[in-house]
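Visitor: sequence below, structure please.
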Amino acid sequence: MKVSRSQIASPRIEMLPLIDIVFLLLVFFIYAMLSMAVHHGQAVDLPTSSSAALEMEEAVSITIQATGSGVLLFVDDEPVSLEHLQVRLQDRVAEGQDGDDPEVQIFADKSVSYQELFQVMDCIQQAGLRRISLQAERGVGVDASAEVGKP
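Guide: Numbers count the residues shown, from 1 in each chain. Take a look at the predicted model:
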């Protein structure tokens, strides 16, 4: 029996499943990139600042969490006491491969007292680290263009 040419359909590529796979891969890679956060510390309630910017450089992360009886300190994800903070930071500097001192990013809860924050900053400076930055969330907080004493 002979098959007529009008009954044979030409092969074609279905585009809908291909588009579904491409979007699935796109979502996967976006989610993977968002989960690669620079901050390796604990979650704290950061203060807001209108001039806060995103830091992309790898740094030593110090988290200061306020508790009812004082503060909890973490270097990256490791808990550390205030007395051992300087030694831990000196060990971290000794581990570094490059000759440049690492930057220290302080993630302090906004309810941490000024005195406790300065005690931590003193320990950082005594460990020989000079590049210190306080981290904040970008928000509507203070108007950066307003000057003190001007309406």
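Visitor: ok but F23 is inside a helix, no?
Guide: Yes: the assignment for F23 is a helix, going by DSSP: H, G, I helix; E, B strand; the rest coil.
Visitor: near it, how many other residues are there?
Guide: Using other C-beta atoms under 10 Å, F23 has 10 other residues around it. For every residue, glycine as well, the C-beta is placed using N, CA and C.
Visitor: give me the distance between it and S61.
Guide: Counting by C-beta to C-beta, to the nearest Å, the separation of F23 from S61 is 34 Å.
Visitor: and for T67?
Guide: Plainly put, T67 is 19 Å away from S61 if you go by C-beta to C-beta.
Visitor: looking at these two, which one has more neighbours?
Guide: S61 (20 against 10).
Visitor: what about that one, helix or strand, and which?
Guide: strand 60-67 (DSSP states H and E).
Visitor: so where's the protein uncertain?
Guide: For the chain, the stretches with pLDDT under 70 are 1-7, 36-46, 49-58, 96-99, 140-151.
Visitor: which residue ranges form the strands in it?
Guide: Ranges of strands within the chain are 48-49, 60-67, 70-75, 78-80, 104-108, 132-134, 137-138, based on DSSP state E.
Visitor: closest one to A32 among these?
Guide: Nearest to A32 among the strands of the chain is strand 60-67; the distance by C-beta to C-beta comes to 21.0 Å.
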